[in-house]
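Peer 1: Requesting a structural model of the entry that follows:
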Amino acid sequence: MSDWGWVWRFGIAIVAVLWLGAHVGDLPMFKEMSVGSANLPVSRLTKFAGHVAAILLFWMFGQRAAAEIPDDGKGLSFLRRTIPPATLLVVILAGHRVMRPLTGPFLAVMDTGLYNSIFLFGAIGAALWLVLTVARNSALLAKPVEKAMPRPDPDPFEHETPPKRQIREEPERTMPLPTPPRAQSQPRDRQEDRQEKTVRVAPAGPRRTLGRYAVLNELGRGAMGVVYLGKDPTIQRFVALKTVPFDVDEPGELAEIKRRFFREAESTGRLSHPNIVTIYDAGEEGDLGYIAMEVLEGITLKDWCRKETLQPVKRVLKLVATVAEALDHAHSQGVVHRDIKPANIMIAKGGAVKLTDFGIARITTSTKTQTNVILGTPSYMSPEQVAGEKVDGRSDLFSLGVVLYELLTGERPFQGESIASLLFQIANKPHRSPVQLRTDLPPCCAAIIDRALCKEVAQRYQSGLELSLDLGVCVQALPD
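Peer 2: Numbers count the residues shown, from 1 in each chain. Okay, here's the model as predicted:
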């Protein structure tokens, strides 16, 4: 909520039209004039016009307030969603009071019961809308307010390389827990399809150390670069080391590239959530940056996206609801994932859901000086990503809707023979109804997917918590 000066402008305008309507109508010249066959006094008409203008301004005020209040997944989100029905209810009640004196002469001709019924049903409908909205979003009020940590301000005059920073965020793709140092890794799923390439990688030679970490072996090569299994000699902890080459064309740009890298790593490393993988550290060595993160053993949701391995509907809905809540936490901290897809969601040993690679697409791009990197994986991109527009958390929710569609049907909602045709489908064509692919899906699943995959951002789910609540309702409606 940056600038609330418009509140005073609306307030002054409402008071002004009410005052003008009342005082202009009291002028002697208007008191003596009348119009129409019913001889309506002009003074009454001017007062009526003032009241109608005030009601319209109040309605516009409510719409503006609902648009300006941020969707934080907590109390402000509750207020934002209850303002429209509350505003409508006030407008209907006030409109009835304003219309009654003016329509009095006509009520002898018009059916009074019909006249009152119109306003009565309108008021009842608005009141029901308000009650349902309050009931549906009451959980937002119970959620504790998280104090967002301040984000580092960029310093355009800073040219010193930042020291290694202790930060926290999420891990890479699928990397096994290294009891013996020979961990077997499932590198990033960039080997999926031709359309799943995200960034280009540069080959790296064998290493023995990276910063203070001992490099034990190579786990794989992903979107950022080489991924190593490392060990912190100080506390004897195994880590996954994701490397990012600093791709610069001019030597003078290196300091700025490194500064952006550490800024992005620090902002994503602030995340602390049981379903988001932890980042421990970030550092640099020569022209290579690295991120040390938690090592996990498990599978990714990619293994459950084939028709022969589809999971029960209830399990899928619960799993996606958990991911939505993790996204809600990240978005409340100002962090957008930008690359939600099945290969970035892990089921660790023990069944815990872990969301990986938060901010990796943005971190990767922060180390590039050319616009040759696609931010995200094409099949899971939102329309605004395809258009190259600025994205927020609602873009992640669109991508999560694609993942939900694929987990329930075994197919992706948008397909094309080339990347160009695929991106055109995402930006312009509606998705195929999941019920056409799987007839046993309950209606609530199709409704949730339809809203998550809306092309218009404003018609989509506005927060991860909102999506999670709908998924929970759908789960409760399913038979055991």
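Peer 1: Tell me the buried residues in the top helix by length along the chain?
Peer 2: Ordering each helix of the chain by length in residues (DSSP state H) puts helix 75-103 first. Neighbour-count burial for helix 75-103, with 16 or more other C-beta atoms under 10 Å as criterion, is recorded at 77-89, 91-92, 94-96, 98-99. C-betas here are computed from N, CA, C, even on glycine.
Peer 1: now do stretch 45-64
Peer 2: Judged by neighbour count using 16+ other C-beta under 10 Å, the buried positions of stretch 45-64 are 45-55, 57-59, 61-62.
Peer 1: Equivalent analysis for stretch 227-243, please.
Peer 2: For stretch 227-243, a neighbour-count test (16+ other C-beta under 10 Å) marks 227, 228, 229, 230, 231, 232, 238, 239, 240, 241, 242, 243 as buried.
Peer 1: Let's see which of the buried residues of stretch 45-64 end up in helices.
Peer 2: Among these, the members falling in helices (DSSP H) are 45-55, 57-59, 61-62.
Peer 1: Pick out whichever of the buried residues of stretch 227-243 sits closest to residue 474.
Peer 2: Compare each of the buried residues of stretch 227-243 with residue 474 using C-beta to C-beta and the shortest gap goes to residue 240, at 35.0 Å.
Peer 1: so how far is residue 326 from that closest one?
Peer 2: Here residue 240 is placed at a distance of 19 Å from residue 326 (C-beta to C-beta, to the nearest Å).
Peer 1: May I have the secondary structure class of the closest residue to residue 425 other than its chain neighbours?
Peer 2: For residue 425, ignoring the flanking residues on the chain, the nearest one in space by C-beta to C-beta, 6 or more residues apart in numbering is residue 414 at 4.3 Å. For residue 414, the secondary-structure state derived from DSSP: H, G, I helix; E, B strand; the rest coil is coil.
Peer 1: so what's residue 414 scoring on pLDDT?
Peer 2: As predicted, residue 414 sits at a pLDDT of 94.
Peer 1: Wait, it touches residue 424, no?
Peer 2: No. With contact defined as C-beta atoms under 8 Å, residue 414 does not count as touching residue 424 (9.2 Å).
Peer 1: and residue 389, which of the three is it?
Peer 2: Local secondary structure at residue 389 is given as coil here, using three-state DSSP.
Peer 1: what's the neighbour count on it?
Peer 2: 11 (other C-beta atoms under 10 Å).
Peer 1: repeat for residue 258
Peer 2: Residue neighbour count, defined by other C-beta under 10 Å, stands at 21 for residue 258.
Peer 1: Tell me how far it lies from residue 282.
Peer 2: Remark: distance between residue 258 and residue 282 (C-beta to C-beta) = 11 Å.
Peer 1: Kindly report the same for residue 432.
Peer 2: 42 Å.
Peer 1: just to revisit the earlier point, among the buried residues of stretch 45-64, which has the minimum pLDDT value?
Peer 2: Across the set of the buried residues of stretch 45-64, residue 45 stands lowest in pLDDT, at 73.
Peer 1: From residue 24, how far out is that one?
Peer 2: Spatial separation of residue 45 from residue 24 under the definition C-beta to C-beta is 10 Å.
Peer 1: Run the angle between the helix or strand residue 131 falls within and helix 75-103 for me.
Peer 2: Assigning secondary structure by DSSP states H and E places residue 131 in helix 112-137. With axes from the mean of the first three to the mean of the last three C-alpha atoms, to 10 degrees as the basis, helix 112-137 and helix 75-103 are set at 180 degrees to each other.
Peer 1: what separates stretch 339-349 from the chain centre, distance-wise?
Peer 2: Computed by C-alpha atoms, centre = their mean, to the nearest Å, the separation of stretch 339-349 from the middle of its chain amounts to 18 Å.
Peer 1: do stretch 411-425 as well
Peer 2: Counting by C-alpha atoms, centre = their mean, stretch 411-425 comes out at 22 Å from the chain centroid.
Peer 1: Which positions in that stretch come out as buried?
Peer 2: With burial defined by 16+ other C-beta under 10 Å, the residues of stretch 411-425 counted as buried are 411, 412, 413, 414, 416, 422, 423, 425.
Peer 1: Turn the residues you listed into JSON lines, including distance to residue 403.
Peer 2: Output for the buried residues of stretch 411-425, formatted as JSON lines (distance: C-beta to C-beta, whole Å):
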{"residue": "411", "distance to residue 403": "12"}
{"residue": "412", "distance to residue 403": "9"}
{"residue": "413", "distance to residue 403": "10"}
{"residue": "414", "distance to residue 403": "13"}
{"residue": "416", "distance to residue 403": "18"}
{"residue": "422", "distance to residue 403": "16"}
{"residue": "423", "distance to residue 403": "18"}
{"residue": "425", "distance to residue 403": "17"}
